[in-house]
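> here are the coordinates; sequence isn't available:
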Ligand code: M6R
């Protein structure tokens, strides 16, 4: 999960870039690099494998790299091992390499995303005499830029993006433009930060929040040219695009750890507030009001089918929502991984509703799925956390989860609020479609409102028990999460969290399915987490738990 920061202004760029990159460290990376220009010389590029502190040391906290315009990158290896050579920025054109590893170069680029046709482009460029030194897909961008460059930075960028396939957020410094840089994005997030006599790009707003809260969101293939006193955005016909300015309404402290050792821990503790804020945004005077989401009662009544499309944890929300929505509304629900949906030519009912669930609102597969649905003329609803993100902008309707910024890569509070949003939709759809009585409706809303306190109680009261249990099981090698119905959906998320955070292999199973083969893996000491919260399924699940216990599982 790479990070990009770019700066042009009156201050020395490198310390600002290092600071911005440090705000993106939480996304994970294996190497980092900077390129800075001082107005006279070529861009100076410094890279280091490993922690950002290595890069900081190499550049004397950025002080050694003189210049007020530059770009920085943290890399998470996808093509080629983590190494200094493979780290970004990548260079092309006339380069001078010094013994210390510093490079001066005419064209310098950083990139997030994946260039899918990089092998064919590399072959072409090699046949034209370009020499590649890294194993990355990104290096083709620097060389392609150099190949097409005839003095006009815009023309060149347009040619480059016409040739590359895949996803990209790109920042490029070019020899004849000493105090400015050019950037573009497609299916990979990038925002523009607007300051006073200084401007920025970043792959995530947290990187520049210290300097400005005024931002532009770039649409796919919008090209931005940044100088310290101007930001101009163009389409691929070189026409200037008028952008709407967004003001980020959360402050820097929301993106700090606030005394917690990890963002994830902080965000787990923020769940009660996040859930309560999300609920309060739609529950008004004892009823669920979807007017801000933009769904009228007539429209709700006409929905023939719901397709929930998402990735990862957001997909697990869809799995849980499926049980609840079908139960309360009797509308058939289908849940799909966005990475499958977008490529499989799905059959969609024209009266259906495609619900895209996404914290970031930028996940490439989810965004592509949304576009696929829109292209087929199906109404789309985004359940999104990041205001102004691509999915939020492009969906026909948006239900904003109010989780606030989620910095931890492992989602917690956003996941909880996505569940709340789905439940609120289910309850309201059920009421409008006369599948639940007024009494049941009130009971469900009252129950939803008890959730923030219940979450607080679990987090606070059970802290020591959870810690005791985690310490006892920290050496587990395999874990299974089992449940039925909605408990199965919740198990899927538990299992993903286990893998993602502890690196312990884990699987989620519908409890009744275990006996069809997988139970052979249950042996002495294997950790099995049984989830049994559904009264109607309780005994069935308990009998599955007994089965695994009798095979030696630690339940
Ligand atoms: O931003 P999104 O909700 O679209 O992200 C989707 C998944 O990548 C995400 O839920 C991922 O699985 C979680 N970060 C895992 O904790």
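Structure's in. What do you need? No experiment lies behind these values; they were computed from the predicted model shown. Numbers count the residues shown, from 1 in each chain.
> Spit out the contact partners of the residue of the stretch 151-300 of the chain found nearest the ligand.
Per C-beta to the nearest ligand atom, residue 264 is where the stretch 151-300 of the chain lies closest to the ligand, at 9.2 Å. For every residue, glycine as well, the C-beta is placed using N, CA and C. Listed by C-beta atoms under 8 Å, 6 or more residues apart in numbering, the contact partners of residue 264 are 408, 410, 412, 501.
> how does it look with 7 Å?
By C-beta atoms under 7 Å, 6 or more residues apart in numbering, the contact set of residue 264 is 408, 410, 412.
> Next: residue 20.
Contacts for residue 20 (C-beta under 7 Å, 6+ apart) come out as 5, 72, 202, 207-208.
> SS state for it?
Secondary structure for residue 20, judged by DSSP: H, G, I helix; E, B strand; the rest coil, is helix.
> per-residue confidence at it?
Reading off the confidence values, residue 20 has pLDDT 96.
> Same question for residue 101.
pLDDT, residue 101: 68.
> same thing with residue 40?
For residue 40, the pLDDT comes out at 83.
> did I read that right, it in a helix?
No. Counting by three-state DSSP, residue 40 falls outside a helix, being coil.
> Chain neighbours aside, what residue packs nearest to it?
Once flanking residues are discounted, residue 40 sits nearest to residue 178: 7.2 Å by C-beta to C-beta, 6 or more residues apart in numbering.
> Looking at the contacts of residue 264, which is nearest residue 328?
Nearest to residue 328, judged by C-beta to C-beta, of the contacts of residue 264 is residue 412 at 25.5 Å.
> That closest one - how many residues pack around it?
Other residues within reach of residue 412 by the criterion other C-beta atoms under 10 Å amount to 23.
> In space, what's closest to residue 159 - neighbours in sequence excluded?
Nearest one to residue 159, counting by C-beta to C-beta, 6+ apart, is residue 148 at 4.2 Å.
> Let's see the pLDDT reported for the one you found.
Confidence score, pLDDT, at residue 148: 95.
> what's the distance between it and residue 174?
Distance, residue 148 to residue 174, by C-beta to C-beta, to the nearest Å: 11 Å.
> Equivalent analysis for residue 107, please.
6 Å.
> Quickly list what's touching both of the two.
Contacts common to residue 107 and residue 174, judged by C-beta under 7 Å, 6+ apart, are residue 149.
> For residue 352, which non-adjacent residue is spatially closest?
Closest to residue 352 by C-beta to C-beta, 6+ apart is residue 305, at 4.0 Å.
> and that neighbour, what pLDDT?
For residue 305, the pLDDT comes out at 98.
> Let me see the backbone angles for it.
phi -160, psi 140 (degrees, to the nearest 10).
> number of nearby residues for it?
Neighbours of residue 305 (other C-beta under 10 Å): 16.
> next one: the one 5 residues further on
Other residues within reach of residue 310 by the criterion other C-beta under 10 Å amount to 28.
> Does the closest residue to it other than its chain neighbours lie in a helix or a strand, and which?
Spatially, and ignoring its direct neighbours in sequence, residue 310 is nearest to residue 357 (4.0 Å; C-beta to C-beta, 6+ apart). Assigned by DSSP states H and E, residue 357 belongs to strand 353-358.
> quick one, the helix or strand just after that strand and strand 353-358 angle?
Once the chain leaves strand 353-358, the next helix or strand it forms, by DSSP H and E, is helix 364-375. Here the directions of helix 364-375 and strand 353-358 differ by 160 degrees (axes from the mean of the first three to the mean of the last three C-alpha atoms, to 10 degrees).
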